[in-house]
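Novice: Next come a sequence and a model predicted from it.
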Amino acid sequence: MSSRLIYGFHAVTAKLRHDPEAVKEIHIDAGRHDGRARDLLAHAELQGVKVLATDGKRLDGMAPGAKHQGVIARIEGERKLAHLDDVLDTLEEPAFLLVLDGITDPRNLGACLRVADAAGVHAVIAPKDRAVGLTDVAAKTACGAAETVPYVMVTNLARTLRELQEREIWVIGTAGEAASDLYAAEWPQATAWVLGAEGEGMRRLTRENCDQLVRIPMHGTVDSLNVSVAAGVCLFEARRRR
């Protein structure tokens, strides 16, 4: 079976918590003896995962250019994409989804996954075309959220939005020119929040398949926010109302 590497304390700790059987071994900088390293070692020991004290230069060679923070784990198997039906069919509460249209920067994707995890989103949905995919850079930026938030890639995003509507999930798009203010608008419990790339926004078909468009009120000189920041604003407002 194939293996891959994940790195950084957040990502490795999240994997230990949620899928310890997949963690084959952990390499940790032999020079780290701080509290964070001790906590990780204790958790790995509890799960029966082998930990190897490794020279810092070797860690750099294992993950060239990565900010691994002195910890790298070898994971068995490929990172698995979720299936939308599997996510929705197992929900015991109204759906809470994030849909990303045209996000090509892996760091933006990772940041959105981290926000989605913090807000309690059930899944993140993105198209297979014009999207970055769940790369190692995206997973590292997500600080563990790539291992906890289901990530669904779909062939036809517009069709997927219609399928969500058939399940009585309200699709809310975000657009700077929308008439409705995020904080004044109303929506039902089951929602899918759609955000496009900064500058370009949502594609035409994506926009046309939204039930509602809202805007984040801007009070300064800038007219747009980074997609992960906008996701945080919208998702936490939705979470507050839930």
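Specialist: Here it is on my side, so go on.
Novice: who does the lowest-mean-pLDDT helix or strand in the chain touch, helix- and strand-wise?
Specialist: Scoring the helices and strands of the chain by mean pLDDT, DSSP states H and E places helix 9-18 at the bottom, with a mean of 80. Applying 3 or more Cβ pairs under 8 Å, 6 or more residues apart in numbering; DSSP states H and E, one finds that helix 9-18 contacts strand 23-29, helix 35-47, strand 71-76. In short, each C-beta sits where N, CA and C put it, glycine included.
Novice: Can you add distance to Leu5 and give these back as JSON lines?
Specialist: Below are the helices and strands packed on helix 9-18 laid out as JSON lines (distance: least, Cβ to Cβ, whole Å):
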{"stretch": "strand 23-29", "distance to Leu5": "9"}
{"stretch": "helix 35-47", "distance to Leu5": "16"}
{"stretch": "strand 71-76", "distance to Leu5": "6"}
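Novice: With distance to Glu147, mean neighbour count and mean pLDDT as extra columns, can I get these in CSV?
Specialist: Formatted as CSV, those follow (distance: least, Cβ to Cβ, whole Å; neighbours: other Cβ atoms under 10 Å; pLDDT from 0 to 100):
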stretch, distance to Glu147, mean neighbour count, mean pLDDT
strand 23-29, 10, 20, 95
helix 35-47, 14, 14, 93
strand 71-76, 9, 21, 91
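Novice: Do you know the pLDDT at Arg79?
Specialist: Confidence at Arg79, expressed as pLDDT, is 67.
Novice: I am finished for the moment; much appreciated.
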